[in-house]
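# fold the stuff below for me.
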Amino acid sequence: MSKNFIYGIASVKFGEQLIGYIEKGSWDWGGQKPESVDIEAEQVPDAPVLTLLQKNGTISPTFNLIQLDYKNLKAVLGGKLSPNEETPTSWDAPEDLIQLSGKWEIKFVSGQTMTIPNGVILANLGGKLTLTEVSKVECQLKINKPTEGGAPYKIADSAG
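Below you'll find the predicted structure:
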């Protein structure tokens, strides 16, 4: 495998919880392009004389989680498992406003791993309830600055 390419989702982990199957073709990096301001001069009509960078480009991945076991539901939506965390037979949606954030790790089939130290997950039950497709949790991952500073995310060769 060539390290010159990044492709394919091998696994997604939130904290210590391995998240289930991601719907094929649903992962989108999202985010914003870099922002800049061009400085124009009256004497130079054909191009800006200076470009000032205002903001770096960002990512904000969106994806659909389709493996909806109760532990996966709790991981991305919050709430409560019953009768216990180990072998739940039901999931209750959260009663209060919650913010789920923490470390995310995305392993690529191409042999690299993306680490996001401080990602906030926004998620809702979506899709359709039919006999020809599965329900899904529509997710958006917001990348925040790590609380201890440093890069918002990194990509490195996967260990092992």
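# spatially central residue in this protein, please.
Nearest to the mean C-alpha position of the chain, by Cα atoms, centre = their mean, lies Leu141 at 3.5 Å.
# for the strand or helix carrying that residue, name the packing helices and strands.
Leu141 is part of strand 136-143 when elements are defined by DSSP states H and E. The contact analysis (3 or more Cβ pairs under 8 Å, 6 or more residues apart in numbering; DSSP states H and E) places strand 136-143 against strand 62-65, helix 70-77, strand 112-126. Bear in mind the C-beta positions are built from the backbone N, C-alpha and C, glycine included.
# redo these as CSV? Include mean pLDDT, distance to Lys13 and mean neighbour count.
What follows is the helices and strands packed on strand 136-143, written out as CSV (pLDDT from 0 to 100; distance: least, Cβ to Cβ, whole Å; neighbours: other Cβ atoms under 10 Å):
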stretch, mean pLDDT, distance to Lys13, mean neighbour count
strand 62-65, 97, 13, 21
helix 70-77, 96, 10, 20
strand 112-126, 97, 10, 17
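# need those in a markdown table (columns: distance to Tyr153).
A markdown table is the format used below for these (distance: least, Cβ to Cβ, whole Å):
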| stretch | distance to Tyr153 |
| --- | --- |
| strand 62-65 | 15 |
| helix 70-77 | 19 |
| strand 112-126 | 5 |
